[in-house]
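Enquirer: Pasting the sequence and the predicted coordinates here, then a few questions.
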Amino acid sequence: MAELFDMKEIEERVILIAVSTDDEDDTRASLDELEELVKTARGVTVDKMIQNRERIHPGTYLGKGKIDEVRERIWELKATGVVCDDELSPAQLRNLEDALDTKVMDRTMVILDIFASRATTSEGKIQVELAQLKYRAARLVGLRSSLSRLGGGIGTRGPGEKKLEMDRRLIHERIGQLKSELEEVKRHRDVIRKQREKAHTPVAAIVGYTNAGKSTLLNRLTDAGILAEDKLFATLDPTTRNLELESGQQIMLTDTVGFIRKLPHHLIEAFKSTLEEAKYSDIILHVVDCSNPNMDMQMHVVYETLRELKVEDKIIVTVFNKIDQKEDGEFPRDLQSDYQVQISAKTGAGLDELLSTLEQILRSQKVYLERVFSYQEAGKIQTIRKYGELLSEEYQADGIAVKAYVPAELFGSLITG
């Protein structure tokens, strides 16, 4: 599909605004994260403003007094727009733009914009377009006025102005078409997944908060050569690579899109086929940036997202990453995980312990086998080498004495003569 925006690269100078209904420190941390999102979307934050209220204003997000204050700052700083730290309703978007007389965006628009610039595979592009159309369909009026103010910039990548000019019927037809295309992608993934299961190859899904170092870890372990930038959502499309452990055991490692706070449910829905890599994995590697002061919050967001995906019952290894950047040596006890290791994906510190932990987990899922195979059964030993862990083999007069760990589903066929 053709590009639907005449992209003009302009410098977006934006003011970030938020409403704090409880913990102002948490709101400030959320705004700091939003600033990083804006930076990733090639925007510049010129000011951050918070209003303390009992609840978000249902019509304009901010109260009237704060709106007047923001309007004045827009004029003083020559800002080109504002970004709200929460997802706005269609009415809030329209009313706030009218009140401020400037382009208004919300956190979801910025995230979608980043997704649009990061998607490289056909699946990723389908998912981004689906998420954007679902979000924009209910906001056509407000977005039209917003887009008429500025011809490009944040919020305009991917499906764009011409798509927004479609009537709702055409948009919903396109959404239906995209859902069908995603179903086809899902069927293809299911075929590949079944092939992996048939080959008895275990899978570990690498999950974590955005920018925790997941791609760097995958690169370090497998030389996958995928993008590993110090940017939010540097990885959007899943990457799967094979890793051979010291025992000879093969395991597939899959990188996934990063999680983030205030990630709307409809975004999770749109990326479900990608996130299902975690759902169908044997092990979850939860990568945590232990140098980040908001580490506890980020871990909570990841576990909440895993619960929403119904994958919290997997074996979880918490991988405390970036120990080379951590100022103190204290690590929290992650009560929701089964194993914990401390590493630096950048320097390689602690990776031996991580690999040893993977070996330990995979071995615990196998059955110990000790048997003498006749020479006519040598093919079974090849099966053990391929799918299990061969501890020893000794050639004797009556056959080959083998000690090994094998997948439980193969045990029966290996012990029968």
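Expert: Now that the structure is in, tell me what you want to look at. Numbers count the residues shown, from 1 in each chain.

Enquirer: Next up, the contacts around residue 295.
Expert: Residue 295 is in contact with 288-289, 332, counting by CB atoms under 8 Å, 6 or more residues apart in numbering. Quick note: C-beta positions are derived from backbone N, CA and C, even for glycine.

Enquirer: Neighbour-wise, which one of those residues leads?
Expert: When neighbours are counted by other CB atoms under 10 Å, residue 288 leads those with 26 neighbours.

Enquirer: so what's that one bridging to?
Expert: residue 320 (DSSP bridges).

Enquirer: That one contacts residue 316, doesn't it?
Expert: No. If you go by CB atoms under 8 Å, residue 288 and residue 316 don't touch, sitting 11.2 Å apart.

Enquirer: wait, which of the contacts of residue 295 is closest to residue 19?
Expert: residue 289 (27.1 Å; CB to CB).

Enquirer: That closest one reaches residue 299, doesn't it?
Expert: No. Residue 289 lies out of contact with residue 299 (CB under 8 Å); the separation is 9.8 Å.

Enquirer: Give me the secondary structure label for residue 66.
Expert: Three-state assignment for residue 66 (DSSP: H, G, I helix; E, B strand; the rest coil): helix.

Enquirer: what residues does stretch 62-69 touch?
Expert: 17, 19, 49, 51, 53, 57, 60, 70, 96, 99-100.

Enquirer: how about these, which pair is most distant?
Expert: The most distant members of the contacts of stretch 62-69, if one measures by CB to CB, are 53 and 100, lying 17.3 Å apart.

Enquirer: out of the two, which sits in the more crowded spot?
Expert: Legend: neighbour count by other CB under 10 Å for residue 53 and residue 100, higher for residue 100 (21 against 14).

Enquirer: Tell me, what's the model's pLDDT at the closest residue to the more buried one other than its chain neighbours?
Expert: Nearest residue to residue 100 in three dimensions, chain neighbours excluded: residue 71, at 5.4 Å (CB to CB, 6 or more residues apart in numbering). Model confidence at residue 71, given as pLDDT, is 96.

Enquirer: Residue 71: what's it in contact with?
Expert: So residue 71 contacts 99-101 (CB under 8 Å, 6+ apart).

Enquirer: 10 Å instead?
Expert: 82, 99-102 (CB atoms under 10 Å, 6 or more residues apart in numbering).

Enquirer: closest to residue 194 among the residues you listed?
Expert: residue 82 (48.8 Å).

Enquirer: The closest one sits in which helix or strand?
Expert: strand 81-84 (DSSP states H and E).

Enquirer: Spell out which strands sit alongside that strand in the sheet and which way each one runs.
Expert: strand 12-20 (parallel), strand 103-106 (parallel).

Enquirer: okay, these, which one's buried deepest?
Expert: Mean neighbours per residue, mean count of other CB atoms under 10 Å, is largest over those for strand 103-106, with a mean of 26.

Enquirer: residues near the residue nearest to residue 303 when sequence neighbours are not counted, how many?
Expert: Nearest residue to residue 303, sequence neighbours excluded (CB to CB, 6+ apart): residue 336, at 5.7 Å. Residue 336 has 14 neighbouring residues, counting by other CB under 10 Å.

Enquirer: And the closest residue in space to residue 291 that isn't next to it in sequence, what's its pLDDT?
Expert: Excluding the flanking residues, the one nearest residue 291 by CB to CB, 6+ apart is residue 325, at 3.9 Å. Looking at residue 325, its pLDDT is 88.

Enquirer: What residues does residue 325 make contact with?
Expert: Counting by CB under 10 Å, 6+ apart, residue 325 touches 289-292, 344, 346.

Enquirer: export these to CSV and tack on secondary structure, distance to residue 45 and pLDDT?
Expert: Below are those laid out as CSV (DSSP: H, G, I helix; E, B strand; the rest coil; distance: CB to CB, whole Å; pLDDT from 0 to 100):
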residue, secondary structure, distance to residue 45, pLDDT
289, strand, 21, 94
290, coil, 26, 93
291, coil, 22, 92
292, coil, 19, 90
344, coil, 30, 95
346, coil, 27, 92
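
Enquirer: Out of those residues, who's the most crowded?
Expert: residue 290 leads those on contacts (other CB under 10 Å) with 24 neighbours.

Enquirer: re the thing from before, next one, pLDDT for the residue nearest to residue 303 please.
Expert: 83.

Enquirer: Okay, buried residues for the longest helix along the chain please.
Expert: Counting by DSSP state H, the longest helix found in the chain is helix 168-198. Using 16 or more other CB atoms under 10 Å as the test for burial, helix 168-198 gives 171, 174, 178, 181-182, 185, 189.

Enquirer: Grab the two from these that are most spread out in space.
Expert: 171 and 189 (26.5 Å).

Enquirer: re the thing from before, now list whatever residues contact both of residue 289 and residue 299.
Expert: 208-209, 212, 320.

Enquirer: residues contacting residue 306?
Expert: With CB under 10 Å, 6+ apart, residue 306 has these contacts: 207, 259, 275, 278-279, 284, 286, 312-314, 316, 336.

Enquirer: sorry, back to before: quick one: the contacts of residue 71 as a markdown table, columns for secondary structure too.
Expert: Conversion of the contacts of residue 71 to a markdown table gives the following (three-state DSSP):
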| residue | secondary structure |
| --- | --- |
| 82 | strand |
| 99 | helix |
| 100 | helix |
| 101 | coil |
| 102 | coil |
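
Enquirer: I appreciate the help and will end here.
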